[in-house]
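Novice: Got a sequence here, can you model it:
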Amino acid sequence: MTQDQTFRQAALAALAGAGFVVTMLSLTILNGVGYQDFESLLRFGTPQAYGDNLARAAPVLRMLYPIDTLYIFSYVLLVFAMVHCVPERRAAGQLAIIAVLATAGFDFVENNFILAMANGAERGNVPSLANITFETTITQIKFNCGLLLTLSLSFLIPLQGKLATVSRWLPRAAVVVGPFAILSPETVLIYLAMNIGLGVCIGILYWQPRPLQNAPSPLRT
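Specialist: Numbers count the residues shown, from 1 in each chain. Modelled structure (predicted):
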């Protein structure tokens with residue numbers, strides 16, 4: 001595979017990932033429920049209320065599941081393509097690969113565990129507090145791994161120009177905003193918008209790659 005093909009592979013993965021997030025966000029808004037509602041007890045207060053709402057949301061969650069699965073594959077592909085583009089940035093590349101594999105692994109566990117609880121809730125089985133706590137723990141670990149992944153991406157962009165600068169600093173800003181995303185629906189939307197914007201920026205930037213010579217060192221950007 002040529003360098004241009006690898007760059008375009010990264011671009012397509014980034015744009016696809018942004019599209020998947022927009023699709024999931026739209027379905028969540030239209031249906032008034034999504035995976036994020038069942039990542040903890042915060043919204044419902046008790047396991048009984050959690051289970052009742054989970055049973056009602058099960059059809060929507062099943063609709064979101066394949067889209068989220070494709071999103072996971074898209075960001076894994078994006079990271080491997082970006083790492084392949086800059087083999088000389090070994091430390092950042094290794095960190096990104098470790099972070100993306102951890103994020104994807106916990107993402108798969110999270111989605112399947114919520115669906116398993118939803119299947120049980122539809123049959124009258126109330127999720128236990130232990131299971132909900134496990135789900136919350138998995139979600140938080142995945143989220144923190146995702147922040148580490150987002151930060152590592154900012155050191156894998158070798159191109160120059162205004163869009164490249166935005167693509168380097170947007171993920172760093174997202175890492176700062178991310179921990180506050182749970183405070184309100186508005187902060188969640190801001191964080192998601194930053195991630196969608198990052199995907200679009202990388203997609204545009206990598207679709208027509210520019211020469212890599214004289215690219216700034218990641219330690220100076």
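Novice: which parts of the helix or strand of the chain with the lowest mean pLDDT are buried?
Specialist: One helix or strand of the chain scores below all others by mean pLDDT, DSSP states H and E: helix 185-207, with a mean of 91. Using 16 or more other CB atoms under 10 Å as the test for burial, helix 185-207 gives 191-192, 194-196, 198-203, 205-206. C-beta coordinates here come from the backbone N, C-alpha and C atoms, glycine included.
Novice: just for the protein, where's the confidence low?
Specialist: 1, 209-221 (pLDDT under 70).
Novice: can you give me the helices in it?
Specialist: In the chain, the segments counted as helices under DSSP state H are 3-31, 47-85, 90-122, 129-153, 162-177, 185-207.
Novice: Dump those to a markdown table, plus distance to Ser40.
Specialist: Listed next are the helices of the chain as a markdown table, based on distance: least, CB to CB, whole Å:
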| stretch | distance to Ser40 |
| --- | --- |
| helix 3-31 | 16 |
| helix 47-85 | 9 |
| helix 90-122 | 11 |
| helix 129-153 | 4 |
| helix 162-177 | 19 |
| helix 185-207 | 13 |
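Novice: For Glu39, find the nearest of those.
Specialist: Proximity to Glu39, assessed across the helices of the chain by CB to CB, is greatest for helix 129-153 (4.2 Å).
Novice: could you check the angle helix 3-31 makes with the closest one?
Specialist: Using axes from the mean of the first three to the mean of the last three CA atoms, to 10 degrees, the inter-axis angle of helix 129-153 relative to helix 3-31 is 140 degrees.
Novice: other SSEs contacting helix 129-153?
Specialist: Applying 3 or more CB pairs under 8 Å, 6 or more residues apart in numbering; DSSP states H and E, one finds that helix 129-153 contacts helix 47-85, helix 90-122, helix 162-177, helix 185-207.
Novice: Tabulate those in TSV, adding columns for distance to Asp4.
Specialist: Listed next are the helices and strands packed on helix 129-153 as TSV, based on distance: least, CB to CB, whole Å:
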stretch	distance to Asp4
helix 47-85	10
helix 90-122	19
helix 162-177	17
helix 185-207	10
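Novice: so which of the ones you listed gets nearest Leu148?
Specialist: Closest to Leu148 of these, according to CB to CB: helix 90-122, at 4.5 Å.
Novice: quick one: furthest residue from the center of this protein?
Specialist: In the chain, the residue that sits farthest from the middle, by CA atoms, centre = their mean, is Gly124; the gap is 31.8 Å.
Novice: and the gap between that residue and Tyr65?
Specialist: Distance, Gly124 to Tyr65, by CB to CB, to the nearest Å: 22 Å.
Novice: Counting by contacts, list what the least confident helix or strand of the chain packs against.
Specialist: Right, helix 185-207 is packed against helix 3-31, helix 47-85, helix 129-153, helix 162-177 by 3+ CB pairs under 8 Å, 6+ apart.
Novice: Rebuild those as CSV, extending it with distance to Asn111.
Specialist: Below are the helices and strands packed on helix 185-207 laid out as CSV (distance: least, CB to CB, whole Å):
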stretch, distance to Asn111
helix 3-31, 11
helix 47-85, 6
helix 129-153, 10
helix 162-177, 22
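Novice: Quick check on the residue farthest from the centre of the chain: phi, psi?
Specialist: The phi and psi values for Gly124, taken as degrees, to the nearest 10, are phi 90, psi 10.
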